[in-house]
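J.: sequence plus predicted model, see below.
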Amino acid sequence: MFTAQMHNSGCVTGDIGNDDFLTEMGDIIKEQCIDVVIIDPLISFIKVSENDNCKMRELLDNLFAVIKSANASLILVHHVSKSGNTYSQGGRGAQAISDWAPNIIKLSHARGSKDGKKIIFHHEKARNFKIKKTELTLYRDENLWFTTDPITDCNILEEKGVLAVKALQDHGKPFNSQKDFIAAMMSSSDVKKTEAQRRITAAVESGSIIATDIPGSRSKSYALSQ
(Lines give C-alpha, C1' and ligand atoms only; values in the text may rest on other atoms or scores of the structure.)
Protein backbone atom coordinates (compact mmCIF):
# COMPACT_ATOMS: atom_id res chain seq x y z
CA MET A 1 0.00 0.00 0.00
CA PHE A 2 1.15 3.56 -0.73
CA THR A 3 -0.45 6.72 0.59
CA ALA A 4 0.29 10.32 -0.24
CA GLN A 5 -1.36 13.34 1.37
CA MET A 6 -1.90 16.58 -0.51
CA HIS A 7 -4.25 19.21 0.91
CA ASN A 8 -7.45 17.24 1.58
CA SER A 9 -6.77 14.39 -0.85
CA GLY A 10 -4.65 11.26 -0.80
CA CYS A 11 -3.66 8.26 -2.90
CA VAL A 12 -3.94 4.59 -1.95
CA THR A 13 -3.12 1.58 -4.11
CA GLY A 14 -3.68 -2.11 -3.48
CA ASP A 15 -5.87 -5.15 -4.19
CA ILE A 16 -9.54 -4.76 -3.26
CA GLY A 17 -9.67 -8.55 -3.06
CA ASN A 18 -7.35 -8.39 -0.04
CA ASP A 19 -9.25 -8.07 3.25
CA ASP A 20 -6.34 -6.36 5.01
CA PHE A 21 -6.15 -3.74 2.28
CA LEU A 22 -9.88 -3.06 2.43
CA THR A 23 -9.77 -2.72 6.22
CA GLU A 24 -6.83 -0.31 6.12
CA MET A 25 -8.41 1.70 3.30
CA GLY A 26 -11.62 1.99 5.33
CA ASP A 27 -9.64 3.19 8.35
CA ILE A 28 -7.87 5.84 6.25
CA ILE A 29 -11.17 7.08 4.82
CA LYS A 30 -12.61 7.49 8.33
CA GLU A 31 -9.47 9.00 9.90
CA GLN A 32 -9.04 11.59 7.14
CA CYS A 33 -12.79 12.25 6.76
CA ILE A 34 -12.66 11.51 3.04
CA ASP A 35 -15.96 12.19 1.25
CA VAL A 36 -15.25 10.71 -2.18
CA VAL A 37 -13.18 7.64 -3.07
CA ILE A 38 -12.11 7.22 -6.70
CA ILE A 39 -10.90 3.84 -8.00
CA ASP A 40 -9.05 4.69 -11.19
CA PRO A 41 -8.93 2.45 -13.07
CA LEU A 42 -10.60 -0.69 -11.72
CA ILE A 43 -8.07 -3.02 -13.38
CA SER A 44 -5.27 -1.53 -11.23
CA PHE A 45 -7.02 -2.60 -8.02
CA ILE A 46 -7.82 -6.24 -8.78
CA LYS A 47 -5.77 -9.41 -9.25
CA VAL A 48 -8.59 -11.64 -10.51
CA SER A 49 -9.81 -11.79 -14.09
CA GLU A 50 -12.20 -8.93 -14.82
CA ASN A 51 -14.12 -11.40 -17.00
CA ASP A 52 -15.16 -13.50 -13.97
CA ASN A 53 -18.76 -12.50 -13.13
CA CYS A 54 -18.87 -14.15 -9.70
CA LYS A 55 -15.49 -12.82 -8.55
CA MET A 56 -16.11 -9.29 -9.81
CA ARG A 57 -19.49 -9.07 -8.13
CA GLU A 58 -18.03 -10.29 -4.84
CA LEU A 59 -15.13 -7.84 -4.97
CA LEU A 60 -17.33 -4.87 -5.80
CA ASP A 61 -19.88 -5.73 -3.11
CA ASN A 62 -17.09 -5.96 -0.51
CA LEU A 63 -15.58 -2.67 -1.70
CA PHE A 64 -18.91 -0.88 -1.52
CA ALA A 65 -19.56 -2.21 1.98
CA VAL A 66 -16.31 -0.60 3.19
CA ILE A 67 -17.06 2.71 1.43
CA LYS A 68 -20.61 2.77 2.80
CA SER A 69 -19.48 2.02 6.36
CA ALA A 70 -17.12 5.01 6.13
CA ASN A 71 -20.01 7.24 4.97
CA ALA A 72 -18.22 8.08 1.71
CA SER A 73 -19.18 8.06 -1.97
CA LEU A 74 -17.51 5.90 -4.62
CA ILE A 75 -16.53 6.71 -8.19
CA LEU A 76 -15.20 3.71 -10.08
CA VAL A 77 -13.46 4.28 -13.40
CA HIS A 78 -13.64 1.40 -15.87
CA HIS A 79 -12.69 1.10 -19.52
CA VAL A 80 -14.71 -0.02 -22.50
CA SER A 81 -13.22 -2.74 -24.63
CA LYS A 82 -11.21 -1.95 -27.74
CA SER A 83 -13.86 -3.78 -29.74
CA GLY A 84 -16.25 -0.93 -28.97
CA ASN A 85 -18.54 -2.42 -26.31
CA THR A 86 -20.38 0.23 -24.27
CA TYR A 87 -20.88 0.41 -20.53
CA SER A 88 -24.50 -0.63 -20.93
CA GLN A 89 -23.21 -3.88 -22.44
CA GLY A 90 -20.94 -4.49 -19.47
CA GLY A 91 -17.95 -2.40 -20.48
CA ARG A 92 -14.74 -4.38 -20.63
CA GLY A 93 -14.95 -7.71 -18.90
CA ALA A 94 -17.80 -9.15 -16.82
CA GLN A 95 -21.39 -8.03 -17.23
CA ALA A 96 -21.55 -8.12 -13.42
CA ILE A 97 -19.59 -4.84 -13.32
CA SER A 98 -22.33 -2.78 -14.96
CA ASP A 99 -25.07 -4.79 -13.24
CA TRP A 100 -23.51 -3.85 -9.87
CA ALA A 101 -23.17 -0.12 -10.63
CA PRO A 102 -26.11 2.06 -9.47
CA ASN A 103 -25.13 4.82 -11.91
CA ILE A 104 -23.17 4.60 -15.15
CA ILE A 105 -21.69 7.55 -17.00
CA LYS A 106 -19.86 7.01 -20.24
CA LEU A 107 -17.23 9.48 -21.48
CA SER A 108 -16.13 9.30 -25.09
CA HIS A 109 -14.36 11.49 -27.62
CA ALA A 110 -16.76 13.31 -29.89
CA ARG A 111 -16.47 12.28 -33.52
CA GLY A 112 -13.72 14.29 -35.19
CA SER A 113 -12.21 15.42 -31.85
CA LYS A 114 -9.16 13.21 -31.41
CA ASP A 115 -7.33 15.88 -29.39
CA GLY A 116 -9.73 15.29 -26.49
CA LYS A 117 -11.07 18.85 -26.41
CA LYS A 118 -14.64 17.72 -27.06
CA ILE A 119 -16.08 14.96 -24.85
CA ILE A 120 -19.51 13.33 -24.93
CA PHE A 121 -20.92 12.84 -21.41
CA HIS A 122 -23.59 10.12 -21.57
CA HIS A 123 -25.61 9.13 -18.49
CA GLU A 124 -26.55 5.55 -19.33
CA LYS A 125 -27.93 4.18 -16.06
CA ALA A 126 -29.50 5.50 -12.86
CA ARG A 127 -30.96 3.18 -10.25
CA ASN A 128 -32.67 5.64 -7.91
CA PHE A 129 -33.94 8.41 -10.17
CA LYS A 130 -35.13 9.08 -13.70
CA ILE A 131 -32.56 10.39 -16.15
CA LYS A 132 -33.89 13.62 -17.68
CA LYS A 133 -31.05 14.33 -20.09
CA THR A 134 -28.89 11.40 -21.05
CA GLU A 135 -26.20 13.18 -23.06
CA LEU A 136 -24.33 16.46 -23.17
CA THR A 137 -21.14 17.72 -24.79
CA LEU A 138 -18.20 18.97 -22.71
CA TYR A 139 -15.51 21.29 -24.06
CA ARG A 140 -11.99 21.47 -22.62
CA ASP A 141 -10.22 24.81 -22.38
CA GLU A 142 -6.50 25.55 -22.19
CA ASN A 143 -6.47 25.09 -18.40
CA LEU A 144 -8.00 21.58 -18.70
CA TRP A 145 -11.32 22.79 -17.29
CA PHE A 146 -14.47 21.40 -18.91
CA THR A 147 -17.55 23.47 -19.72
CA THR A 148 -20.84 22.86 -21.50
CA ASP A 149 -20.26 26.03 -23.54
CA PRO A 150 -18.29 25.69 -26.80
CA ILE A 151 -14.72 26.94 -26.52
CA THR A 152 -14.48 29.51 -29.30
CA ASP A 153 -11.55 31.62 -30.46
CA CYS A 154 -13.21 34.57 -28.72
CA ASN A 155 -13.33 32.66 -25.41
CA ILE A 156 -9.63 31.89 -25.69
CA LEU A 157 -8.71 35.48 -26.55
CA GLU A 158 -10.69 36.79 -23.57
CA GLU A 159 -8.91 34.35 -21.27
CA LYS A 160 -5.47 35.36 -22.56
CA GLY A 161 -6.33 39.05 -22.17
CA VAL A 162 -7.33 38.86 -18.50
CA LEU A 163 -3.97 40.16 -17.22
CA ALA A 164 -4.12 43.13 -19.58
CA VAL A 165 -7.63 44.00 -18.44
CA LYS A 166 -6.57 43.76 -14.78
CA ALA A 167 -3.58 46.03 -15.39
CA LEU A 168 -5.89 48.65 -16.87
CA GLN A 169 -8.34 48.31 -14.00
CA ASP A 170 -5.53 48.73 -11.45
CA HIS A 171 -4.15 51.73 -13.36
CA GLY A 172 -7.54 53.46 -13.15
CA LYS A 173 -7.18 55.28 -16.45
CA PRO A 174 -6.08 54.58 -20.06
CA PHE A 175 -2.47 53.91 -20.97
CA ASN A 176 -1.15 56.37 -23.55
CA SER A 177 1.49 54.00 -24.92
CA GLN A 178 2.00 50.27 -25.23
CA LYS A 179 5.38 50.70 -23.57
CA ASP A 180 3.76 51.97 -20.35
CA PHE A 181 1.07 49.29 -20.60
CA ILE A 182 3.68 46.52 -20.89
CA ALA A 183 5.74 47.96 -18.02
CA ALA A 184 2.68 47.95 -15.77
CA MET A 185 1.88 44.34 -16.62
CA MET A 186 5.46 43.22 -16.03
CA SER A 187 5.57 44.92 -12.63
CA SER A 188 2.26 43.45 -11.46
CA SER A 189 2.84 39.89 -12.69
CA ASP A 190 5.63 37.56 -13.75
CA VAL A 191 5.05 37.89 -17.51
CA LYS A 192 7.89 38.82 -19.83
CA LYS A 193 7.74 41.64 -22.37
CA THR A 194 6.81 39.42 -25.33
CA GLU A 195 4.08 37.65 -23.38
CA ALA A 196 2.68 40.98 -22.19
CA GLN A 197 2.47 42.15 -25.81
CA ARG A 198 0.61 38.98 -26.78
CA ARG A 199 -1.89 39.39 -23.96
CA ILE A 200 -2.55 43.02 -24.85
CA THR A 201 -3.15 41.98 -28.47
CA ALA A 202 -5.51 39.21 -27.33
CA ALA A 203 -7.47 41.65 -25.15
CA VAL A 204 -7.80 44.07 -28.07
CA GLU A 205 -8.86 41.32 -30.50
CA SER A 206 -11.46 39.99 -28.06
CA GLY A 207 -12.93 43.47 -27.62
CA SER A 208 -12.13 43.69 -23.90
CA ILE A 209 -9.77 46.61 -24.54
CA ILE A 210 -10.00 49.36 -27.13
CA ALA A 211 -6.79 50.59 -28.82
CA THR A 212 -7.06 54.09 -30.32
CA ASP A 213 -4.52 55.92 -32.49
CA ILE A 214 -3.16 59.09 -30.86
CA PRO A 215 -3.15 61.99 -33.36
CA GLY A 216 0.34 63.12 -34.32
CA SER A 217 1.94 60.08 -32.68
CA ARG A 218 2.82 56.48 -33.53
CA SER A 219 1.52 55.41 -30.14
CA LYS A 220 -1.92 54.13 -29.25
CA SER A 221 -3.99 54.68 -26.16
CA TYR A 222 -5.48 51.64 -24.45
CA ALA A 223 -8.74 51.77 -22.52
CA LEU A 224 -11.32 49.34 -21.20
CA SER A 225 -14.27 48.83 -23.48
CA GLN A 226 -17.53 50.19 -22.13
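T.: Received, thanks.
J.: now do the residue nearest the centre of the chain against residue 104, distance only.
T.: Geometric centre of the chain, nearest residue: residue 145, 4.9 Å, by Cα atoms, centre = their mean. Distance check for residue 145 against residue 104: by Cβ to Cβ, to the nearest Å, it reads 24 Å. C-beta: built from backbone N, CA, C; applies to glycine.
J.: now do the SS call for residue 96.
T.: helix (DSSP: H, G, I helix; E, B strand; the rest coil).
J.: how far away is residue 76 from residue 98?
T.: 11 Å.
J.: how about residue 47?
T.: Relative to residue 98, and taking Cβ to Cβ, residue 47 is found at 21 Å.
J.: where exactly do the helices run in this structure?
T.: 19-31, 53-69, 95-100, 153-160, 162-171, 178-188, 193-206 (DSSP state H).
J.: between those helices, which gets nearest to residue 217?
T.: Closest to residue 217 of those, according to Cβ to Cβ: helix 178-188, at 11.6 Å.
J.: check which residues of that closest one are buried.
T.: 178, 181, 182, 184, 185 (16 or more other Cβ atoms under 10 Å).
J.: if I pick the first one, what's in contact with it?
T.: For residue 178, the contacting residues are 197, 200, 219, 220, 222, taking Cβ atoms under 8 Å, 6 or more residues apart in numbering as the criterion.
J.: which pair in those residues spans the largest distance?
T.: Going by Cβ to Cβ, the pair spanning those furthest: 197 and 219, at 14.1 Å.
J.: doesn't residue 213 make contact with residue 176?
T.: No: using Cβ atoms under 8 Å, residue 176 is not in contact with residue 213, being 11.6 Å away.
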